[in-house]
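Q: Provided below are the primary sequence and the corresponding predicted coordinates.
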Amino acid sequence: MKIVGIGGLPRSGKDTLAELLIQSGYFGFSFGDFIREQAKLRHKDKPDPISVVNMTETSNWLRDAHGADVVLKEALKAFEEANQNKTYKGMVLFSVRAPVEVDWILEHQGEVIWVEASDQVRYDRSIKAQRAGESKLSLDEFKRQEDLQWKPQPGIPAEAQMNTSYVKEHATIILENNEDDLTAFFAKAKETLAKFIDH
């Protein structure tokens, strides 16, 4: 079974890339969506429960309380349940943010794709497509919040934290997405993913 992990900073295009694989017959699991739903519960009394700060805190809390691989286990459980009723071409895990997730994918001969987009491009996208439960931020604050996920922060066990720099460093494929032309990105993505989609 083919296994593809997709990482990238917020609004880089991870979900769009994953959707191509899902449409071609892959089972998809978004680590970001899982954490987002947990953050909505944990920070329900706040005006911005799914801000990067609150999602980071939620992720760190979950991993510290239940193990660094807690989200990965949820993904594999969901795949096992779905696979009982349908045969999938492979599995795509997206919004990969933790070393344990990257290591598992690579140990199972999978590929890790990092979607790269500039800070300004991603910030502009976040303003255009703001989710309910997010607050409008300045570019500086947008980048500051992302730094909480880039490297482990002091005071919390490193294995319980997200580390997106690790994901990028261990990616087997880098895909740039700095344009606003969705058609062009789809074309580039299909070319990059040809070996996963066509066979």
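A: Looks like it came in fine. Numbering: from 1, shown residues only.
Q: At the geometric centre of this structure, which residue sits there?
A: The residue lying closest to the centre of the chain (CA atoms, centre = their mean) is Ser95, at 0.6 Å.
Q: so what pLDDT did that residue get?
A: Looking at Ser95, its pLDDT reads 95.
Q: just the one 10 residues further on next, same as before
A: Each residue has a pLDDT score; the one for Ile105 is 97.
Q: Pull the contacting residues for it.
A: Contacts for Ile105 (CB atoms under 8 Å, 6 or more residues apart in numbering) come out as Ile3, Val4, Gly5, Leu93, Val96, Glu111, Val112. No exception for glycine: its C-beta is placed from N, CA and C like everyone else's.
Q: Take the residues you listed and lay them out in CSV including neighbour count.
A: Formatted as CSV, the contacts of Ile105 follow (neighbours: other CB atoms under 10 Å):
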residue, neighbour count
Ile3, 20
Val4, 24
Gly5, 27
Leu93, 28
Val96, 32
Glu111, 17
Val112, 24
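Q: Looking at those residues, which is nearest Phe34?
A: Using CB to CB, Leu93 comes nearest to Phe34 of the contacts of Ile105, at 10.5 Å.
Q: what does the helix or strand hosting the closest one rub up against?
A: Using DSSP states H and E, Leu93 maps to strand 90-94. Applying CB under 8 Å, 6+ apart, the contact partners of strand 90-94 are 1-7, 14-15, 17-18, 21-22, 25-32, 72, 75, 79, 101, 105, 196.
Q: and it, which residues are buried?
A: By 16 or more other CB atoms under 10 Å, the buried positions in strand 90-94 come out as Gly90, Met91, Val92, Leu93, Phe94.
Q: ok, now stretch 170-185?
A: Buried-residue list, stretch 170-185, by 16+ other CB under 10 Å: His170, Ala171, Leu175, Asn177, Phe185.
Q: separation between the closest residue to the fourth one other than its chain neighbours and Pro49?
A: Using CB to CB, 6 or more residues apart in numbering and skipping the chain neighbours, the partner closest in space to Asn177 is Gly13 (4.1 Å). Here Gly13 is placed at a distance of 24 Å from Pro49 (CB to CB, to the nearest Å).
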